[in-house]
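>>> what would the 3D arrangement of this be:
(one chain, ligands or ions: 2)
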Amino acid sequence: MNAHDSEKVVGTLVNEGYAQVATPEEAGLVLYNTCSIRDKAEQKVFNRLQNFKRAGKGKIFGVLGCVAQQEGEKIFERAPHVSLVAGSANYHQLGQMLVQLEMGNRRVTGLSFENAEAFDTPFTRRDNPHRAFLTIIEGCDKSCAYCVVPFTRGPERSRTSDSVMAEARGLVEKGYTEVQLLGQNVNSYRDPSPAGWDFAVLLSRVAEIPGMRRVRYTTSHPRDFVRPIVDAMDANTVICDHIHLPVQSGSSRVLAAMDRLYTREEYMRRIEWIKNAKRRYSLTTDIIVGFPGETDADFQQTLDLLDEVQYDSLFSFKYSPRPNTAALHMEDRIPEEEKSRRLAIVQEKQRAIQIRRNADLVGTIQEVLVEGRNTALNQWVGHTTCHRTLNFSHTAGDERDLAGTYLSVRVNRAGPNSLVGETATVV
Ligand code: SAM
Ligand code: SF4
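Ligands and ions are numbered 1, 2, ... in the order given. Modelled structure (predicted):
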């Protein structure tokens, strides 16, 4: 989401007459987009701001994103060379803020959630020419006890279905064939216009746009992941064979402490819908280890859940205390070394699962959207609808640029994180 926010900010400013340059050194205005989901993000940001300062006198510096929202005007105190601080709920006013700076204002801020609206801009400058991100909902109304997002991105704001559809059609016209619908919790999408579409309807309609080849979405919240979403996926193969359904923990006790609003059993019911669906879907998840009070038995339940579900991939994190969150003052903190131990166990178990899951694909033919070429290996790289990276060799002597095309590729080998193959049909 942050990467896509940057694409929107760049596009909006370019439309207003600014020009993008490759490095901070060349820039007159440096906007630093930040994330504060884990770790000591704030400290890293201040260190980097210090480096920026050394890199240039006379430049205007601004801090955007979650650290901007979280630290607010404190940033001016710790980094006096910064002139602008704005959170994502205020990006639609960024142009006006820059005008204020040009008019001589020393410092401007955009930190309010009061008039928060979706940053609905037609001027996004996308980095990838074939796959596009498309925001459908911003902010989050959940209050997971560990998570800073509701404090940094504000309340949920869904875009109108008309606006989403217009952007999606525009993307196809520009030649994009794969679109990823984005939001902290896409499942709670509610069209604010009278049409009143829910997420399943929006997903279907985007996938029905003529010329659209692939539609993905992220992220789902299990509480709001309803049956009609699986039905919509089953009904249209343009919607990719992949579902990212973050579980966080396999223990209902920990899930309750996290305020995730579902039990292990309720989560598993959703996995059952997916496994009994008409198509085979690749399943991925997020896991947090070492949440306050997580016992060995709770942790074991997470490991058991990995065995039961057999995810195709996962992101795993050590619990990291975040400002303002409910978990910050919870007792029974897990020592750092124990969190590291649990993380290593999760990752080792998942690696073995992934080796098996990927090995199942050896011998199959997968359609890939080609991303580019690894000249050193003389291989092309693309990704499958089921979210695998596939490196492949292509017919000798064919020197065409294949990037952006779809090819059928035979999988010959599999590792834990990617597949290797060769084109199955000559285009
Ligand atoms: N909205 C999404 C969701 O509900 O899953 C994504 C939220 S966050 C950007 C992505 C992942 O970061 C979460 O699923 C969670 O596993 C992890 N995460 C968030 N806060 C964390 C924290 N304080 N410590 C460790 N991991 C965290
Ligand atoms: Fe954070 Fe929970 Fe919202 Fe995801 S659903 S952004 S984890 S509060």
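>>> dihedrals phi and psi, the nearest residue to Tyr32 once chain neighbours are set aside?
Distances taken as Cβ to Cβ, 6 or more residues apart in numbering place Val63 nearest to Tyr32, at 5.3 Å, with adjacent residues excluded. Bear in mind the C-beta positions are built from the backbone N, C-alpha and C, glycine included. Main-chain dihedrals, Val63, degrees, to the nearest 10: phi -110, psi 130.
>>> assign Gly293 to helix, strand or coil.
When classified by DSSP: H, G, I helix; E, B strand; the rest coil, Gly293 comes out as coil.
>>> give the contact list for it.
Applying Cβ atoms under 8 Å, 6 or more residues apart in numbering, one finds that Gly293 lies in contact with 254, 257, 330-332.
>>> which residues touch the residue nearest to Tyr32?
Counting by Cβ under 8 Å, 6+ apart, the residues that Val63 touches are 31-32, 34, 45, 49, 75, 79, 82, 84-86.
>>> could you dump the residues you listed to a markdown table with neighbour count?
Shown next, in a markdown table, are the contacts of Val63 (neighbours: other Cβ atoms under 10 Å):
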| residue | neighbour count |
| --- | --- |
| Leu31 | 21 |
| Tyr32 | 18 |
| Thr34 | 23 |
| Val45 | 24 |
| Leu49 | 20 |
| Ile75 | 25 |
| Ala79 | 19 |
| Val82 | 22 |
| Leu84 | 24 |
| Val85 | 26 |
| Ala86 | 22 |
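>>> just the closest of those to Asp312, please.
Thr34 (30.5 Å; Cβ to Cβ).
>>> quick check: the closest one touching Val45?
Yes. Look at Thr34 against Val45 with Cβ atoms under 8 Å: they come within range, at 5.2 Å.
>>> near ligand 2, which residues of the stretch 1-150 of the chain?
Proximity of the stretch 1-150 of the chain to ligand 2, by Cβ under 6 Å from any ligand atom, involves residues 140, 142, 144, 147, 149-150.
>>> can you select the buried ones from the residues you listed in PyMOL?
The PyMOL command for the buried members of these (criterion: 16 or more other Cβ atoms under 10 Å) is given here:
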select buried, resi 140+142+144+147+149+150
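>>> residues near the closest residue to ligand 2 within the stretch 251-400 of the chain, how many?
With Cβ to the nearest ligand atom, the shortest gap between the stretch 251-400 of the chain and ligand 2 falls at Arg260, namely 7.3 Å. The criterion is other Cβ atoms under 10 Å. On that basis, Arg260 has 24 neighbouring residues.
>>> that one: what's it in contact with?
With Cβ under 8 Å, 6+ apart, Arg260 has these contacts: 144, 222-223, 248-249.
>>> which pair in the residues you listed spans the largest distance?
Farthest-apart pair in those is Arg223 and Ser249; separation 14.2 Å (Cβ to Cβ).
>>> the two: who's more crowded?
Between Arg223 and Ser249, counted using other Cβ under 10 Å, the more crowded position is Ser249 (25 against 16).
>>> now this protein, which segments are flagged as low pLDDT?
Within the chain, the stretches falling below the threshold (pLDDT under 70) are 425-427.
>>> list buried residues within the contacts of Gly293.
Among those, those scoring as buried are 254, 257, 330 (criterion: 16+ other Cβ under 10 Å).
>>> off-centre distance for the lengthiest helix in the chain?
In the chain, taking DSSP state H as the definition, the longest helix is helix 336-359. Counting by Cα atoms, centre = their mean, to the nearest Å, helix 336-359 is centred 22 Å from the centre of its parent chain.
>>> just give me the neighbour total for the nearest residue to Asn15 once chain neighbours are set aside.
Closest residue to Asn15 apart from its sequence neighbours, by Cβ to Cβ, 6+ apart: Phe123 at 4.1 Å. When neighbours are counted by other Cβ under 10 Å, Phe123 registers 14.
>>> how about Leu245?
Neighbours of Leu245 (other Cβ under 10 Å): 21.
>>> may I have the helix or strand hosting Leu171 exported as CSV, CA atoms only?
Applying DSSP states H and E as the criterion places Leu171 in helix 161-173. Taking Å, rounded to 0.1, in the frame of the first residue of the first chain, the C-alpha atoms of helix 161-173 are listed here in CSV:
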residue,chain,number,x,y,z
SER,A,161,-17.8,1.6,-7.4
ASP,A,162,-18.0,4.0,-10.3
SER,A,163,-14.6,5.4,-9.5
VAL,A,164,-13.0,2.0,-9.0
MET,A,165,-14.5,0.7,-12.3
ALA,A,166,-13.4,3.8,-14.2
GLU,A,167,-9.8,3.4,-13.0
ALA,A,168,-9.9,-0.4,-13.8
ARG,A,169,-11.2,0.2,-17.3
GLY,A,170,-8.6,3.0,-17.8
LEU,A,171,-5.8,0.5,-16.7
VAL,A,172,-6.9,-2.0,-19.4
GLU,A,173,-7.0,0.7,-22.0
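>>> and that helix, what does it pack onto?
strand 131-135, strand 178-182, helix 199-207 (3 or more Cβ pairs under 8 Å, 6 or more residues apart in numbering; DSSP states H and E).
>>> contact partners for the residue of the stretch 151-300 of the chain found nearest ligand 2?
Proximity of the stretch 151-300 of the chain to ligand 2 (Cβ to the nearest ligand atom) peaks at Gln184, 4.0 Å away. Residues near Gln184 by Cβ under 8 Å, 6+ apart: 1, 137-140, 149, 153, 219.
>>> where's it, which helix or strand?
Here Gln184 is assigned to no helix or strand, by DSSP H and E.
>>> any idea how far it is from Arg216?
Separation of Gln184 from Arg216 (Cβ to Cβ, to the nearest Å) stands at 16 Å.
>>> same thing with Ile37?
For Ile37, the distance to Arg216 - Cβ to Cβ - is 21 Å.
>>> who has more neighbours out of these two?
Arg216 (20 against 15).
>>> now the angle from the helix or strand encompassing that one to strand 178-182?
Assigned by DSSP H and E, Arg216 belongs to strand 214-218. Going by axes from the mean of the first three to the mean of the last three Cα atoms, to 10 degrees, strand 214-218 is angled at 20 degrees with respect to strand 178-182.
>>> A helix includes Phe315, no?
No. Per three-state DSSP, Phe315 lies outside any helix segment and is strand.
>>> who touches it in this structure?
284-287.
>>> in helices, which of these fall?
The helices, defined by DSSP H, take in nothing from the contacts of Phe315.
>>> among the residues you listed, which ones are in strands?
The members of those that map onto strands under DSSP state E are 284-287.
>>> widest-spaced pair of these?
Greatest spatial distance among these (Cβ to Cβ): Thr284 and Ile287, at 10.6 Å.
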